[in-house]
Each structure stands twice: as structure tokens, then as C-alpha cells.
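J.: Sequence first, then the predicted structure:
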Amino acid sequence: MSMSTILTRTITRLIFLPTLVTAVAVLVKGYAGAGDGFSAGVIAGTGVVIQFLAFGPRELVARYPSLRRAPLLAWSGLLLGLVTAFAPVIWGDPIMTLYPRPGEDVPHLGLLAFHTAVLFDAAVFLLVFGFIVSVLGTIGNRYGSEGADS
Amino acid sequence: MPEEFRVLAPLVVAALGTAAVAVLGAVRPRLAPPLAVATAALALSATLLMPAGGQVDLPWAPTWGLRLTFAADGLARLYALLATGVGLAVLTYAAGYMPLHAAHEGYPLSRTVRLYSLILLFMTAMLGLVLAQDLIVLIIFWDLTAITSYYLIGYEREQEASRRAALTALLVTGISAILLILAGVLLYTRFGTAQLPDILAQVQAGPFVTATGALIAVAALAKSAQVPLHFWLPQAMVAPTPVSAYLHSAAMVAAGVFLLGRVHPLLALSPGLQNVLLAGGFASMAIGGVLALAQREIKRLLAYSTIAQYGYVVVMLSLGAVEGAAYYILAHALIKSALFMSAGAVTEATGETDLDRLGGLARPLPLLAVGSGLAAAGLAALPLTMGFFKDEVFFAAASERGGLVSVLAVAGAVLSFAYTWRFWGGIFTGRLRSQVQRIPATLTLPVLVLGLLVMLGGIVPDPAASLAAAAGESMAERATPLELAYHLDLHAPTLMAVITWVLGIVAVLTAPRWTAAPRVVARIGERYGPDRGMFMGLVRLTTFSRRSRAFLEVRNLQWRIATVLVAAALVVGATIVLAPPWPTFRVGRLPTSDWPLFLFLLLAALSALVATRSAGRLILVLALSAVGYSLAAVFTFIGAPDVALVALLIETMMTLLLLAVLGLLPIGLARAPAEHEPHPGRRRAVGFITTAFVFVICWGVLSWPAPDAVMARAHLELAPAAHAADVVTAILADFRGLDTLGEITVIAIALLGALTFFVSRRSA
């Protein structure tokens, strides 16, 4: 079924960037209110899914060839998570120790807290977003190329 | 601190060089060879400048008592010298060899960069291994050598033989490395420290020491390719020649006997273990020597020779002649890397690897013939080479033990003599049978330098002897002087050497009469040997895995879901029947404030009902998302904004995804063939059981809406301490951070599954 009208295509393109900004906001403010890396990842993913709906698999892959490399996002997210979790072991702290430790001051820049938990959340974000986009990319690649053949 | 830095300098130089070659080589492939050679040269000079007996002790993880301790004792200096010195020769050679090789195989020069950085990484691992004084650090570097060797042996990744050889090597040396880890854990728990000197000072003879010693010995013997774990080495000859010349002369196989030397005091406590090692060493000498005589491919001949030569070393270590073993390793590493490199040069010059099609190359390649000849003379233990002394120390150790060992020692040496002639004589003497192309000087030069070193060591034996003596001292923890000189009187080792030469010449002259015999042995080995056993084992394991999957996997999607639901329902049902929590289930009033909640639940129920009745996909998708959105609204009403947010997002995502995929499907609901369709009665039964189970749970939860909140309250109180204003975030990132880590790992694994699913479907 086709959702490819001028209206959907234009709106989709217009809201893509705001979606990403919202996602980053949810990620950053997660430490102050509702929201975290997982939600942020899903929000950002929604932005791409809408594009998929509006443009169809073939055109999506043609518009964003970098979709093919989306798994890299997921793997770097996993790596970042593992590093955040296991790096404390190097200087003798238990796994998953977060810095600054309880009782110490956390430097802030607006809502952004400089805390390794935010880093860990960013890892979750990257992995979830990378997951959604990779799956879409593979579906698009497969059906996109098949569609081109027929 | 300068001394600490000087101990670690070779390791640091090699590690930085690895990174530099990998990064710069990716940009400019032509820079990789000179940079790699320069790194090796720097590492070699840093090794020469290492202060004797210098130590480094850095805290690593104090809570676990782990310290990064390195020491430049005699043993470490000997092996570090080999790893960097032979590494320099091999990398120089590779700079000439790899462009030719790449041109033959038809791939671009940029792909050879990987080889240089991997060889340097291997050098780093070897240096770390020999310098380490902490068992854990030693094990880490031990595994690093195994992993790096996997990539080096499997360098030609397009060729199946290459991948298989790499896997075999990794399986044999990797599985045996687990035994080393086991031994390490046993020693650590027993003595409360991972520091090798402390452990070796405390060990006392007994079954515990014998058991850990045996574990370590198996790991070491597998690494040194000793019978019956030798079969990975000849297979590994598919790797490019520089890899063979490095890994299979001075590095990888040498690591095994290095480990035996490092824990020598522990092994020396168990006479039984020593005897097993003695037998294993002789078995490797015999089998390696005989099979070397059966080979026609020159590199495989050298591989079997390596197995036999490390057999000598194991024999000497088990006889307690540690300084002799150290000298032997030094001499053999120089000799064998020179021979491997000459084999590669010969193949590049003629395109042949088969002894039957080689011969008479002394005239067109005179310098190579001289360099290779000096090394071969060393392997055959002729006077005026280091080889003479390597056999002399071997015979001296054997003759002290007694008659039988001496006879076996001479027999092994005769085999060496015979296959050395087969190699060198077969290539360089006789009739010229092939076209010869010019080869660059970098292929000949390292062979010549190593050959001259072998001769120099035979004329001026003292420097090598003092190196070996220092290494022996750090193995045995006592003074082990080693004085090498030519004796003109007739003592036992000289007599044995003379007998070896005479028998060796007889064997070479009568060669046509017995050449068939080793081939028969080789054929028997192929059919019944450990190689075959491992292959069959792998085949059986794969079959077992495939059968159990066919047995366990539920293929029908409906049944798969039913399995989960019914099983869960039965378990919960059983608990309710066995311990009825009746007070929990109450029929309460519906307060006015809960009316919106009730309405949304009703909406969810109605949507679910629509979903079961719908005929088209679009209505199905919309009805399902209506269920989801209604439930998200319910979460908002019971005061769980985080859950509501996630539910809302997931619902949106699922709806959009399903809509997106709908566009790709053919029109009309697809039905499974009738025979796969579950029986209507069964479907109803599954539905009834599941509904009852969900109903009971919901009733229980809703009639006691404030369950034990101790945990939750603790989390709420702790959240500010974790610098989080939102308790859910604090739980996800901090209190239950490890769980989250596990969950994102699961997501990554699911992605891997999804990607392979789509890729395999496409190729199918």
C-alpha cells in the first residue's frame, strides 16, 4: 500500500530533524525526569520508520546509502556500554562503577550532567537506534533490490 | 623510572609499532614494510639495552591482588632477543616477499599491510609473555599469541585450506590454553598469589603439583606441536612464508617450551611427569623425523623437522639440562627461520614447492645456497656451526642418563641428518629442473645473515653460551654454567656425534632403498592419526548439534507461542493450586476515580476482540495497536509515567513497522497449509488456559495494588545519592546496571540474528 503522497513526503522530511532533537533531549534529560536511552533510541528510530513508510524501501535506501552501515552504530553502542561497564576494573573498582561517585559533585551544563551514567545511556541509545535502523535497512535492501528486478 | 622503562621498552616499542603500522599502512600501504622493519630494529635494540635482572612492578587491581610484574631475567632476555632478532630478519624478508606473493595471488598491495601489523602484534605478545612474572598476565599474553596466530595462519582467508588450518591451530592451542588457565586458577587459589616467583618458592612435591604441572605441560606441548598434538603445525604451512619462518621457528612453537622452562622448578618436583615429558619428546623426535623424510613439499618437511627439533628440547628439559635446552632453542630458531625463508625464496624463484620438481639451484642462486647451506649444516650438527654445540649439549645430557636414552638420542640425530640433506641436497644439488626467475636481494640477505650467525656461533661459542647459561640460571634457580669448546679427546658426546655423522652419511647414501618406508608411516598416520580423530570429533559434534536442533525446535509459529504461554500458565496454575493465596483475590468496589482506568481497560478488551475477528491485515494491525495504546493509557493512570512512555513509544514503533512491512506483502491473509494448522479444539484449549492464567494474575495484582514496597522505597531513597532525579533511570543505569548491560547485549545478539536471517534468505 502506498502512503507516498506529496503531503506525507513533505511532512516526513520536515519532522525528521525535530525527531532526532527530541530523541537527544529525552536522552539528556533522562537523568532529571522521565526518559532514558532506550526511549530516546525508539523515538529516533520512529523518525526513520516514518521515512520508510513515506518513501518505500527502494527510495529510502537510495536516499540514505549510509543505512547499510547502520549496524556499525549498534556495535559501537555495545562497545561503549561494555567499556563504560568494565573500564572501572582497570583501576580496581567493581564492574559498573559510575563516576562521580555518590556524594561527589556532578558538573552540569544546563540539563546535561557530566556523569558516566549518561555515557551508559548513550550506549543504550546507540544500540537501540542502530538496531531499528539496521533492521529497516536490511528489509529495504532486500525488498528494494527485489523490487528493482521485477 | 629509567630502569623500569628500560625493561618495558621493547614491549612498548612493539605495541606502538603495531598500531602505527596498522593506522599508517591503511592510509599509505607503501609505508607499512619500512615502518615494520624499523619497529623491529628498535625493539631489538631496546631488548639489547634491557638491564639484566631489571624488574617492573605496577599495581593493577589491588583488590584482587593483581600486579603487573615484569622482569628481564636470563630466560626473558634470551626469548626477547629471539622474538625481536628473528622478527627483524623475517620482516625484512617479508618486505621483499609479500609484494611478489601478492602479485602471484593477484591481490592489491594494501592487503599485505595486515600481515606486517599482525607479525608485530605477535612480537608484542611474545615479549609480554616472556617478560611477565604474574601468572594472569602471562596467560593473557599466551592467549594473545594464540589469537594472533589464528589470523596469521588464516592470512589467505579466501582459501578454504587456509581457514581450516587456522581453525585447527586455534582449536588445538586454544583448548589446551584452557588447561593453562585452569592450572593458573588452581595455583592462585592454593597459594593466594599470582606471582610466579612466589608460587615457585612455595611449591612442594605432591599430587597437587603433579596435577597442575600436567595441565601446564599439556598446554605447552600443544603450543610446541609435540606428538600427539602436533598435527596443526604441518597444516599451518599454508600461511605465507614469513609467517611460517617467524611463528614456527622462533615464536609460537618456542612459546611452549618457554612455558616449560618458566615453571621448571614446579615440573622438576614430579619425576613421573618428567618421564612422561621424556617419552613425549622422544616420540616427537621419532615421528617428526620419520614424517619429515616422507614429505615432498619443502615447507611441510621443515614443519615436521620443527616438531622433531622441539622434541629434542623437551627431552633436555625433562632431563634437567635447562642450559642446554636454552642453547638448543637459540640455535634452532636461527637455523629454522633461515631454512623457512630459503624455502620461500626458492618457491618465489621457481614457482615450485615440490622436492621432486626442484634441484640444481646452487648455480643460479649461489648466495641463497650458501646461507641456506650454513643453516642446514647447523641443523645436521656439523662442526664450526652452532648446530655442533646444540647436539653436543643434547648428547651430554642424554649420556648422563644412560644407555637407552643415548641410543634414542643418536637415532633422532641420524634422522635429522637425513632429512636435512633431503631438504638442502634436494633443492640445491643435482640437475636443474625448473625455470629460475630473479628474486630481490631482501629475500636472500636475511638467510645469509642468519646462516653467517649460525657459523659465527660455531667459531666463537661464548656469547651464545653465556646467554643460554643466564637463561638456564633463571629456569633452574641455580648457577648453570655452560662452557662450549671443541674437545679433541674422545668423550661420550663427541663419540655420539661421530657415530651420528657416519650413520647419517650411510642413511643418505642408501636413501633410494628405504624412501618408501616413511611414506607408509605417513599414510598410516593420515588414516589413524590424531588429526583424523579431531576431524571426526568435529563432524560428530556438528551432527549432534544439528540433530538436537531438529528435535528441540518448534517450527510452527503458533505452536511456539503456545508452548511459552501454556508452560507459564501451568507453572502459575500449579502454585495457585498448591498454595492458594485466596486473601489476595478480592472483589472490591470500583471508586469513581478509577472509572477512566476501567474505560481504557474495556477499550483494550474490545480492541483485542476485534483483532481476533478481523479478516484483513490493516484492521488487524490497527486493532492490535489500539490494545497497546489503551494499555499505555492505563499505565499513565496508575502513576507509572516511565512505563507509559516506553509502552507508547514501542506501540508507535510496532504499528509503523507493521504498516511499513504490510506494503511489502502480497494481498490477502496467508494461511498455513491445512495439515500444519492446529486442530480447532486444541487452539481453543490453548486460548482458554492462557486466558485463565492471565486473568488470575491480573486479578491478583489489581486486588493488592500496593505490594511489598521495601525494595522500591530503598531505591527511591538511594536515587539522589546516585545523582539521579528520576528513580527509574537510577535503577536502569546504576542499581541494576549489570542487568541493563545484559539486556543491551541481548539486543545486539538479536540484531546479529536478524541480519544473518535476511542475508541468508537473500542468498538462498
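T.: Received it, and whenever you're ready, just let me know what you need. As the structure is a computational prediction, the values presented were derived from the model and not from experiment.

J.: Residue of the stretch 1-150 of chain B nearest chain A, please.
T.: B:A61 (4.7 Å; C-beta to the nearest C-beta). For the C-beta atoms, the positions are set from N, CA and C on the backbone; glycine is no exception.

J.: Which residues are in contact with that residue?
T.: Applying C-beta atoms under 8 Å, 6 or more residues apart in numbering or on different chains to B:A61 gives the contacts A:89-90, A:92.

J.: One more: B:V137?
T.: B:68-70, B:128.

J.: what do you get if the cut-off is 7 Å, keeping everything else the same?
T.: Counting by C-beta atoms under 7 Å, 6 or more residues apart in numbering or on different chains, B:V137 touches B:L68.

J.: And for B:L58?
T.: For B:L58, the contacting residues are B:67-68, by C-beta under 7 Å, 6+ apart.

J.: so it bridges to which residues?
T.: Residues in a beta bridge with B:L58, per DSSP bridges, are B:L68.

J.: Show the pLDDT at it.
T.: B:L58 is assigned a pLDDT of 83 by the prediction.

J.: now the one 4 residues further on
T.: The model reports B:P62 with a pLDDT of 70.

J.: sec struct for the spatially closest residue to it that is not a sequence neighbour, please.
T.: In this structure, B:P62 finds its nearest non-sequential neighbour in A:G92, 5.3 Å apart by C-beta to C-beta, 6 or more residues apart in numbering or on different chains. Secondary structure of A:G92, reduced to three states by DSSP: H, G, I helix; E, B strand; the rest coil: coil.

J.: Tell me the buried residues in the helix or strand where B:A568 lies?
T.: B:A568 belongs to helix B:557-578 when assigned by DSSP states H and E. For helix B:557-578, burial by neighbour count (16 or more other C-beta atoms under 10 Å in any protein chain shown) applies to B:562, B:565-566, B:569, B:572, B:576.

J.: Poorly predicted segments of chain A, please.
T.: Where chain A drops to pLDDT under 70, the residues are A:1-4, A:30-35, A:102-103, A:110-111, A:113, A:143-150.

J.: now the strands: where do they sit in chain A?
T.: A:108-109, A:112-113 (DSSP state E).

J.: Which one of these lies nearest to chain B?
T.: When the strands of chain A are compared (using C-beta to the nearest C-beta), the closest one is strand A:112-113, at 6.7 Å.

J.: I'd like the next helix or strand past the helix or strand of chain B at the bottom of the mean pLDDT ranking.
T.: Every helix and strand of chain B was ranked by mean pLDDT, DSSP states H and E. The lowest is helix B:710-718, at a mean of 68. Following helix B:710-718 in sequence order, the next helix or strand is helix B:727-730 (DSSP H and E).

J.: So what's the gap between that next one and the chain middle?
T.: Computed by C-alpha atoms, centre = their mean, to the nearest Å, the chain-centroid distance of helix B:727-730 equals 41 Å.

J.: tally of neighbours for the residue lying closest to B:S625 once chain neighbours are set aside?
T.: Of all residues not flanking B:S625 in the chain, B:T655 sits nearest, at 4.0 Å (C-beta to C-beta, 6+ apart). When counting by other C-beta atoms under 10 Å in any protein chain shown, one arrives at 19 neighbours for B:T655.

J.: if I pick the nearest residue to B:P108 once chain neighbours are set aside, what's in contact with it?
T.: Leaving aside its chain neighbours, B:P108 sits nearest to B:A102 (7.0 Å; criterion: C-beta to C-beta, 6+ apart). Contact analysis of B:A102 by C-beta under 7 Å, 6+ apart lists B:109, B:111-112.

J.: quick one: which of those residues is nearest to B:I650?
T.: B:I650 lies nearest to B:R111 out of the contacts of B:A102, by C-beta to C-beta, at 44.4 Å.

J.: how about the closest residue in space to that closest one that isn't next to it in sequence, secondary structure?
T.: Closest residue in space to B:R111, ignoring its immediate chain neighbours: B:A102 at 6.8 Å, by C-beta to C-beta, 6+ apart. State at B:A102, reduced to three classes by three-state DSSP: helix.

J.: do B:W60 as well
T.: Counting by three-state DSSP, the backbone at B:W60 sits in strand.

J.: need the contact list for it.
T.: B:66-68.

J.: Just the buried ones from those?
T.: B:66-68.

J.: any chance of those in a markdown table, plus pLDDT?
T.: As requested, the buried ones among the contacts of B:W60 are exported to a markdown table (pLDDT from 0 to 100):
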| residue | pLDDT |
| --- | --- |
| B:L66 | 75 |
| B:R67 | 81 |
| B:L68 | 85 |
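
J.: Helices of chain A, start to end?
T.: Assigned helices in chain A, in chain order: A:6-29, A:37-63, A:70-90, A:116-149 (criterion: DSSP state H).

J.: again, but for the stretch 151-300 of chain B
T.: With DSSP state H, counting those that start in this stretch applied, the stretch 151-300 of chain B shows helices at B:160-191, B:196-202, B:207-223, B:232-235, B:241-247, B:252-262, B:264-268, B:271-294, B:298-318, listed in chain order.

J.: Of all these, which one is nearest B:R546?
T.: Here helix B:160-191 is closest among those (C-beta to C-beta), at 18.5 Å.

J.: about what we covered before: B:T210: which of the buried ones among the contacts of B:W60 is nearest?
T.: Set against B:T210, the nearest of those by C-beta to C-beta is B:L66 (26.8 Å).

J.: doesn't B:A194 make contact with that closest one?
T.: Yes. Counting by C-beta atoms under 7 Å, B:A194 is a contact partner of B:L66 at 6.4 Å.

J.: so what's in contact with those two at the same time?
T.: Residues touching both B:L66 and B:A194 (C-beta under 7 Å, 6+ apart): B:134, B:136.

J.: Name the residues of the one helix or strand B:L339 maps to that come out as buried.
T.: Element membership for B:L339 (DSSP H and E) is helix B:322-350. Buried residues in helix B:322-350, counted by 16+ other C-beta under 10 Å: B:322-350.

J.: Contacts only, for the residue nearest to B:G504 when sequence neighbours are not counted.
T.: Distance criterion C-beta to C-beta, 6+ apart; nearest residue to B:G504, sequence neighbours excluded, is B:F417 at 3.0 Å. Counting by C-beta under 7 Å, 6+ apart, B:F417 touches B:380, B:500, B:504, B:507.

J.: same thing with B:L8?
T.: B:56, B:70.

J.: Now the residue nearest the centre of chain A: closest residue in space, sequence neighbours ignored.
T.: With distances taken as C-alpha atoms, centre = their mean, A:F129 lies nearest the centre of chain A, 3.0 Å away. The spatially closest residue to A:F129, leaving aside those adjacent along the chain, is A:G41, at 4.3 Å (C-beta to C-beta, 6+ apart).

J.: residue contacts, that neighbour?
T.: Contacts of A:G41 (C-beta under 7 Å, 6+ apart): A:124-125, A:128-129.
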